[in-house]
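[1] with the input below, show me the fold.
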Amino acid sequence: MNDKRKSGASVPKTTKSKYQPSANSSRMTYILGGLAILVVAALVIGGIFWSQRDKGSADDSALSANATMIAGPGTAPTIDLFEDPLCPICGQFEKQYGQQINAAITGNKIRVRFHTLDFLNQKSASGDYSVRAAGALTCVAAEGNTDVYLKFHSALFSNQPQEGGSSDLTNADLARIAGEQGASPATTKCIADGGKVGEAGDKATASFEELQKVLGDQAGTPTVLHNGEAVDISNTNWLNDIIGSDNA
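    Below you'll find the predicted structure:
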């Protein structure tokens, strides 16, 4: 899986990228000149396809249906936040903006649709950490307590395993962390049992498809959408700009 780096004004030089899923690796090896000509033609056609796809827009109803959690009042401006639990740039995003976003939610100034992606599964020691963490978030979201969800969301990134590391968090670990943030026994059991992992995986796939409609092959994490367009999160005032412009 390749990482494509993207500059950000307030993020250290070593952490400027968005993480992106790798392209399909099962590509033909072109040897004969005649085949090479066909490939060039296919690439031209494919380039037109992706160019047109970049100009698309996400389905708002699909974004709502496939969000891991929706937090904040429906009357507030809405953003869609796309993250992978293993993505280190997402961890830095949470460190930089998490408290500000949470305060805006609890202050009824913003509505956030959280989308938990799982394309970094294979970069985890267990091979499925991202989707299991997404399942844990889905269990907590089902409890319906916004405060507990926001605390658990922050705690996941505070306890984030290392991408490509030798270990990550088990379901029991995830359940324990959720309980420490105030999740109910029923919710911690849901996490320990992996009760929402399948649902979380389906939502991750559907959410990524919506993100691709907007960004095409540049889709990655972390990404914020507002009014169907990508937000420049290298601008450290991006959240205040959304809140201010939508309430002016």
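[2] any weak-confidence spans in the protein?
    For the chain, the stretches flagged by pLDDT under 70 are 1-17, 22-55, 245-248.
[3] any idea how it splits into domains?
    Listed by automatic domain parsing, the domain ranges of the chain are 25-55, 60-246.
[4] so which of the ones you listed is nearest residue 19?
    domain 60-246 (4.6 Å; CB to CB). Every residue, glycine included, has its C-beta placed from N, CA and C.
[5] relative to the whole chain's centre, how far out is that closest one?
    Relative to the centre of its chain, domain 60-246 is centred 6 Å away, using CA atoms, centre = their mean, to the nearest Å.
[6] list the beta-bridge partners for the most centrally placed residue in the chain.
    Closest to where the C-alpha atoms of the chain average out (CA atoms, centre = their mean) is residue 83, at 2.0 Å. On the basis of DSSP bridges, residue 83 is bridged to residue 116.
[7] and residue 150, how many neighbours?
    Other residues near residue 150 come to 23 when the count uses other CB atoms under 10 Å.
[8] name the nearest residue to it, sequence neighbours excluded.
    What sits nearest to residue 150 in space, not counting adjacent residues and going by CB to CB, 6 or more residues apart in numbering, is residue 102, at 4.8 Å.
[9] hang on, the earlier thing: ranking the domains of the chain by mean neighbour count, which comes first?
    domain 60-246 (a mean of 19; mean count of other CB atoms under 10 Å).
[10] helices of this protein, start to end?
    With helices called from DSSP state H, the chain shows them at 33-54, 60-65, 88-106, 129-143, 146-158, 171-180, 185-192, 197-215, 238-246.
[11] dump those to JSON lines, plus distance to residue 232.
    Listed next are these as JSON lines, based on distance: least, CB to CB, whole Å:
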{"stretch": "helix 33-54", "distance to residue 232": "16"}
{"stretch": "helix 60-65", "distance to residue 232": "19"}
{"stretch": "helix 88-106", "distance to residue 232": "13"}
{"stretch": "helix 129-143", "distance to residue 232": "25"}
{"stretch": "helix 146-158", "distance to residue 232": "22"}
{"stretch": "helix 171-180", "distance to residue 232": "32"}
{"stretch": "helix 185-192", "distance to residue 232": "35"}
{"stretch": "helix 197-215", "distance to residue 232": "13"}
{"stretch": "helix 238-246", "distance to residue 232": "6"}
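[12] looking at those helices, which is nearest to residue 21?
    helix 197-215 (7.6 Å).
[13] how far off helix 185-192 does the closest one point, in degrees?
    With axes from the mean of the first three to the mean of the last three CA atoms, to 10 degrees defining the directions, helix 197-215 sits at 70 degrees from helix 185-192.
[14] what packs against helix 197-215?
    If you count contacts as 3 or more CB pairs under 8 Å, 6 or more residues apart in numbering; DSSP states H and E, helix 197-215 packs onto helix 33-54, helix 60-65, strand 78-83, strand 111-116, helix 129-143, strand 223-226, strand 229-230.
[15] show residues contacting the shortest one.
    Applying CB atoms under 8 Å, 6 or more residues apart in numbering, the external contacts of strand 229-230 come out as 214-215, 223-224.
[16] could those be laid out in TSV, adding distance to residue 98?
    Converted to TSV, these look like this (distance: CB to CB, whole Å):
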residue	distance to residue 98
214	23
215	23
223	16
224	13
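[17] just the closest of these to residue 197, please.
    Comparing the contacts of strand 229-230 against residue 197 with CB to CB places residue 223 closest, at 23.0 Å.
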